[in-house]
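S.K.: Predicted model and sequence follow; I will ask about them next.
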Amino acid sequence: MSLNLAQAKTTAEVLTTALPYIQRFEDKIIVVKYGGNAMTDPELESSFARDVVLLKTVGLHPVVVHGGGPQVDNLLKELGRQSDRIDGMRVTNKSTMDVVEMVLGGSVNKSIVSLINKHGGRAIGLTGKDANLIRAKKLLMSTTDANGQTSDIDLGFVGEVVSVNKDVIMMLIGSNFIPVIAPIGVDSEGNSYNINADLVAGKVAEFLQAEKLMLLTNIKGVMDKSGNVVTGLTPKKVDEMIEDGTISGGMIPKIQCALDAVRGGVKSAVIVDGRVPNATLLEIFTNEGVGTLISRDLGAALS
Ligand SMILES: Nc1ncnc2c1ncn2[C@@H]1O[C@H](COP(=O)(O)OP(=O)(O)O)[C@@H](O)[C@H]1O
Ligand SMILES: CC(=O)N[C@@H](CCC(=O)OP(=O)(O)O)C(=O)O
C-alpha cells in the first residue's frame with residue numbers, strides 16, 4: 001500500500017508523536033495477557049496481532065500469555081459436559097484437564113501464533129510444560145462461612161505458579177521471537193495443572209521484571225457499583241470491593257495478580273479494555289491509557 005502526500009504527512013506526525021514512547025519502552029519487556037473474552041471478534045484479534053508485531057518491530061519485547069476460558073467452556077458444552085467455577089477458578093478434574101490442555105495448549109495457542117506470524121511476527125507457542133517453563137503446584141483454596149468457619153476447597157488439577165524458567169523466555173526474546181504462552185503448569189512428577197491465565201501473566205511479568213503487565217479483557221476496567229471505572233485501588237479497597245460483591249468472578253484473580261505483580265517489582269500493571277481497537281498500542285503510546293492502572297509507586301505506597 002502506498003500513501004499519498006497528505007496521508008504520508010499524517011503518518012509522519014503520528015510516528016513523531018510516538019517517538020518518545022518508543023524510546024521510553026525500547027528494549028523493555030511488556031507482558032500482555034490476552035483473555036478469552038477479548039478473542040471473540042476476528043477484526044479485534046487481527047488488531048491485537050498487528051499491535052504485538054508492531055511493538056516488537058519498534059524494539060519492545062512483547063511476551064503474550066493467553067487465556068481461553070470461554071473456548072474451554074464451548075468444547076466442554078459440545079462434549080455435553082460442564083465445570084463449576086469458584087471465585088473465578090474452574091474446578092478441574094482429570095478429564096476436564098485433558099480438555100483444558102487440548103484447547104489452551106492446542107487450538108487457542110496455535111491460532112494466536114498463526115495470526116501473529118501472518119502479520120509478519122516470529123511467534124512461538126509454548127505451554128508451561130515446554131522446557132518446564134512454568135513449574136506449578138496444586139492451588140490450595142479455603143473459604144470462610146458466615147459463622148467464621150474456614151474449610152478447604154478442592155479444585156482438582158488447578159495450580160499456582162512456583163517458578164518461571166526465565167532463561168528460556170530471554171533466549172527466545174533475544175532471537176527475535178515473540179513467546180506465546182498457554183497457562184498450563186507442570187510439577188516435578190510431570191502432572192499438568194490448569195492455572196488462571198492472569199496469575200500466569202503476573203508471575204511471568206514478575207520473573208522477567210517486566211516494565212509493564214497488560215491484562216486485556218472485555219470490560220473498560222475495574223468498575224465501582226455505579227459502573228464507573230476506578231483507578232488507584234488499594235489492597236484494602238480491593239478487599240472491600242470483593243467482600244461486598246462489587247468485584248466478583250474473573251475480576252478477582254485479575255486484580256489480585258495485578259497488585260502482586262507491582263509489589264513483586266513490575267513497574268506497572270494495567271487492566272485494559274481489549275474491545276477497543278489497538279488497545280495494546282493505545283496503552284503504550286498515550287499518557288492516559290485505556291483502563292485501570294496500578295503503578296509501582298501506588299502499589300508500594302499502599303501495601
Ligand atoms: N468490579 C468489576 N469491574 C469490572 N469487571 C468485573 C467486576 N466484577 C466482576 N467483573 C467481571 O469480570 C470479568 C473479567 O474477568 P474474566 O471474565 O475472567 O475476563 P478474561 O476472560 O478476560 O480474563 C468482566 O467481564 C466482568 O464480568
Ligand atoms: C483455573 C482456571 O480457571 N483456569 C482457566 C484458564 C484459562 C483462563 O484463565 O482464561 P481466561 O483468561 O480467558 O479467563 C480456565 O480453565 O478457564
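M.R.: Sure, I can see it. Ligands and ions are numbered 1, 2, ... in the order given.
S.K.: So residue 12 belongs to a helix, correct?
M.R.: Yes: when the secondary structure is assigned by DSSP: H, G, I helix; E, B strand; the rest coil, residue 12 falls within a helix.
S.K.: Name the SS class of residue 284, please.
M.R.: At residue 284, secondary structure determined by three-state DSSP is helix.
S.K.: On the pLDDT front, check it for me.
M.R.: At residue 284 the predicted local distance difference test score is 86.
S.K.: Then residue 225?
M.R.: Each residue has a pLDDT score; the one for residue 225 is 94.
S.K.: so it touches residue 240, yeah?
M.R.: No: with contact defined as C-beta atoms under 8 Å, residue 225 and residue 240 do not form a contacting pair (11.3 Å). All C-beta atoms are positioned from the backbone trio N, CA, C, and that covers glycine.
S.K.: Between these two, tell me which one has more neighbours.
M.R.: It is residue 240, of residue 225 and residue 240, that has more neighbours when counted by other C-beta atoms under 10 Å, with 13 against 9.
S.K.: Quick check: the more buried one is in a strand.
M.R.: No: the secondary structure assignment for residue 240 gives helix rather than a strand, going by three-state DSSP.
S.K.: where's it relative to ligand 2, distance?
M.R.: Separation of residue 240 from ligand 2 (C-beta to the nearest ligand atom, to the nearest Å) stands at 24 Å.
S.K.: if I pick residue 95, what's in contact with it?
M.R.: Listed by C-beta atoms under 8 Å, 6 or more residues apart in numbering, the contact set of residue 95 reads residue 81.
S.K.: Check the secondary structure at it for me.
M.R.: Residue 95 - assigned by three-state DSSP - is helix.
S.K.: Where does the prediction get shaky in the stretch 1-150 of the chain?
M.R.: 1 (pLDDT under 70).
S.K.: Backbone dihedrals for the residue of it found nearest ligand 2, please?
M.R.: Of all residues in the stretch 1-150 of the chain, residue 67 sits closest to ligand 2, at 2.0 Å by C-beta to the nearest ligand atom. Torsion angles at residue 67 (phi, psi; degrees, to the nearest 10) stand at phi -100, psi -140.
S.K.: thought it was touching residue 182?
M.R.: No: taking C-beta under 8 Å as the contact criterion, residue 67 and residue 182 are not neighbours in contact, 9.0 Å apart.
S.K.: of those two, who's got more company?
M.R.: Residue environment comparison for residue 67 versus residue 182 gives the larger neighbour count to residue 182, 30 against 27, counting by other C-beta under 10 Å.
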